[in-house]
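Q: Okay, sequence plus prediction incoming.
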Amino acid sequence: MPENLKITGEGAERVDEFGRGFNEKLQHMAKQVVASLYMLVRSVKLYEPENSIFAKPIELLRETINQIIAKEGQLALQIVKETFYINNMLVKVDVQSLDNVRELIREFRDRKIGGFNLTRPITAEELRNFVFIFAKDHGEIPEDGVAGRKLFALRLVRWSEIQEKLKDIDKDVDESDGQKVDRKKYALTVYARLIFFVRKFLEDRAAGKPTLSYKATRLVQDMVDICYEQRTHFLGMTTFREESEYLVYHSVNVCLLSIVFGAELGLTKPQLRDLAMAALFHDVGKADLPAEIAEKRGALTPSERQQVDRSQLASIKTILAEGLSRASIMKLIATFEYAQDFGTAVKDARGAITMILPKGSQSLFARTLAICCTYDALTSKRPYRDSYGPDVALLLMWTEMRQKFDPELLKVFMKVMAIQPIKLLPKYQQTIALG
């Protein structure tokens, strides 16, 4: 189970969506603020704010907020789509906390609150007044709180104000020289360019004049930029297939799935770019396999299986050809680890998996890549089997193949795909032969 999804970057790469440089100390305090708000908002449904159980959590929140104000001169909390920003910095959360954050955002949205601003220290009493807003439906809530429990240092920001600002930002991004850019069409264009690049990359590789993989960086960055804000719109592109060019489409589809999935996990754009580059080239070594093995309809012999396994080494050599850098090292680690099982399945007397015991400490990129790669492979037609539908593919991943994946990440991926495969089939149909 991952304890922290944050991946440290270097220098200028540690920049979040709104241009705010990443600050480790502020990030730590910001996560405390969001976690405390969730606990307080949840508890006020059961107890009055004056109850003694609120004393310690409110005091902790007060101290954290005032530390941020002392350090930054202000605390501006905003909800941007499905995430929190504090002082224009994305608040990253662990996988285990994603549902809590979404629930907290729903509570804000239901009261038409988009955030709040503070420029001077806040008292515990005022925090109690703020928490009281979530105790019940108060109707229209002014920026200074509800009647009898006014806010003085803290000022609420209406949900509609945040949405108007986001529309203005989107308009500035979408319009250039008076011409509106259709993001979906542009995404399809970038997707097609990536297909062309990988096809040419593999052709050059076969001819003995391989193109360095870093030349795909600009295209990958374009896809990250497009998908970052409207991630779910582009999952449909991964249904594009061409059986005769399986490796080409598989590489690009896994790249796109990784971007969408990584964005859901809260990765920054630079991190998404590195993850997507690893995904794009994770399987290129399979291009060296003889056609009689790559397209074989029956079971592989032990010798043929060894050749398939050795293709991973060829992928690693391809990455090494571009030299060693922070980005290439991360790609190497992900390419080496993603094919390994995440853990060992513990089964009950009936053979059902009850838990997964992690074998080691795989990188986040490897755990993410393993899920995206397997999903795309299962939903693709192969010479030895037909393609599985998304629901069956996820069911297989959750049952027969479960030991291969980080179960917490797999749960998130299933939510990203908007499918709950565990409930799709009756029990007597939940054993499927992989062929």
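A: Ah, there it is.

Q: C-alpha only now, for contacts and for neighbours.
A: Noted.

Q: I'd like the next helix or strand past the helix or strand bottoming out on mean pLDDT in the chain.
A: The helix or strand of the chain with the lowest confidence, counting by mean pLDDT, DSSP states H and E, is strand 179-180 at a mean of 44. Scanning forward in sequence from strand 179-180 by DSSP states H and E, the next helix or strand is helix 183-206.

Q: May I see the buried residues of whatever helix or strand comes next after that next one?
A: Using DSSP H and E, the helix or strand that follows helix 183-206 in sequence is helix 217-229. Neighbour-count burial for helix 217-229, with 16 or more other Cα atoms under 10 Å as criterion, is recorded at L219, V220, Q221, D222, M223, V224, D225, I226, C227, Y228.

Q: Next, give me the two most distant ones among those residues.
A: The distance between the two most remote of the buried residues of helix 217-229 (Cα to Cα) is 14.2 Å, for L219 and Y228.

Q: A377 contacts H250, correct?
A: Yes - at 7.2 Å, A377 counts as touching H250 under the criterion of Cα atoms under 8 Å.

Q: what residues are shared contacts of these two?
A: Common contacts of A377 and H250, defined by Cα atoms under 8 Å, 6 or more residues apart in numbering, are absent altogether.

Q: Pretty sure I79 sits against G114.
A: Yes - counting by Cα under 8 Å, I79 touches G114, with 5.6 Å between them.

Q: Pull up the overlap in contacts between those two.
A: I162.

Q: who touches the residue of the chain positioned farthest from its centre in this structure?
A: Computed with Cα atoms, centre = their mean, the residue of the chain farthest from its C-alpha average is G148, at 42.1 Å. By Cα under 8 Å, 6+ apart, no residues touch G148.

Q: 10 Å instead, please
A: G148 makes contact with N129, according to Cα atoms under 10 Å, 6 or more residues apart in numbering.

Q: now the strands for the stretch 251-400 of the chain?
A: For the stretch 251-400 of the chain, the strands defined by DSSP state E, counting those that start in this stretch cover 343-347, 353-358.

Q: The ones you listed into a markdown table, with extra columns for mean neighbour count?
A: Shown next, in a markdown table, are the strands of the stretch 251-400 of the chain (neighbours: other Cα atoms under 10 Å):
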| stretch | mean neighbour count |
| --- | --- |
| strand 343-347 | 16 |
| strand 353-358 | 15 |
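
Q: For stretch 317-325, the averaged confidence score.
A: Mean pLDDT, stretch 317-325: 69.

Q: bridging residues for the residue nearest to N129 when sequence neighbours are not counted?
A: In space, and not counting its chain neighbours, N129 is closest to R149: 5.1 Å by Cα to Cα, 6 or more residues apart in numbering. With DSSP bridges applied, R149 shows beta-bridge pairing to V146.

Q: R149: how many residues sit nearby?
A: If you count neighbours by other Cα atoms under 10 Å, R149 ends up with 16.

Q: That one and P142 touch, don't they?
A: No - using Cα atoms under 10 Å, R149 makes no contact with P142, being 11.4 Å away.

Q: Surely R310 and D283 touch.
A: No - R310 lies out of contact with D283 (Cα under 10 Å); the separation is 11.2 Å.

Q: Domain-wise, how is this protein divided?
A: Domain assignment for the chain by automatic domain parsing gives 11-167, 183-429.

Q: Which of these has the lowest mean pLDDT?
A: Set side by side, those differ in mean pLDDT, and domain 183-429 is lowest with a mean of 78.

Q: Please give me every residue in contact with the closest residue to T119 other than its chain neighbours.
A: Nearest non-adjacent residue to T119, counting by Cα to Cα, 6+ apart: Q74, 4.3 Å away. Contact analysis of Q74 by Cα under 10 Å, 6+ apart lists I65, N66, Q67, I68, I86, N87, N117, L118, T119, R120, P121.

Q: Just say helix, strand or coil for the first one.
A: Three-state secondary structure (criterion: DSSP: H, G, I helix; E, B strand; the rest coil) places I65 in helix.

Q: Quick one: residues contacting it.
A: Neighbouring residues of I65 by Cα under 10 Å, 6+ apart: 29-30, 32-33, 59, 71, 74-75, 118, 120-123.

Q: neighbour-wise, which of R310 and D283 wins?
A: D283 (22 against 15).

Q: so how far is S97 from that one?
A: Distance, D283 to S97, using Cα to Cα, to the nearest Å: 32 Å.

Q: so V220 sits right up against N253, yeah?
A: No - contact criterion Cα under 10 Å: V220 and N253 do not qualify, at 11.9 Å.

Q: tell me, what's touching those two both at once?
A: Shared contacts of V220 and N253, defined by Cα under 10 Å, 6+ apart, comprise Y191, L194, I259, L280.

Q: Going by neighbour count, which of the residues you listed comes out on top?
A: Using other Cα under 10 Å as the neighbour test, the shared contacts of V220 and N253 are led by I259, with 32 neighbours.

Q: which residues touch that residue?
A: Remark: with contacts taken as Cα under 10 Å, 6+ apart, I259 is in contact with 220, 223-225, 227-228, 231, 235, 253, 265, 267, 269, 271-277, 279, 368, 372.

Q: Mind doing that once more with 8 Å?
A: Taking Cα under 8 Å, 6+ apart as the contact definition, I259 lies against V224, C227, Y228, L272, R273, L275, A276.

Q: Comparing A377 and H250, which residue is more hemmed in?
A: H250 (24 against 18).

Q: which residues sit in contact with that one?
A: Contacts of H250 by Cα under 8 Å, 6+ apart are C373, D376, A377.

Q: now do Y338
A: Here Y338 is in contact with A366, R367, L369, A370 (Cα under 8 Å, 6+ apart).

Q: now with 10 Å?
A: Y338 neighbours (Cα under 10 Å, 6+ apart): 282, 362-371, 373, 404-405.

Q: Next: E125.
A: Counted by Cα under 10 Å, 6+ apart, E125 has contacts P49, E50, I58, E59, R62, V131, R149, L151.

Q: Would you mind confirming that the fourth one is in contact with E126?
A: No - E59 is not in contact with E126 according to Cα under 10 Å; the separation is 11.2 Å.

Q: Can you pick out the residue with more neighbours from these two?
A: Neighbour count, other Cα under 10 Å: between E59 and E126, E126 has more, with 19 against 15.

Q: all helices of the stretch 251-400 of the chain, in order?
A: Remark: helices assigned in the stretch 251-400 of the chain by DSSP state H, counting those that start in this stretch are 269-281, 291-294, 302-320, 326-337, 364-378, 390-398.

Q: Report the distance from stretch 387-395 to the chain centre.
A: Between the centre of stretch 387-395 and the centre of its chain there are 21 Å (Cα atoms, centre = their mean, to the nearest Å).
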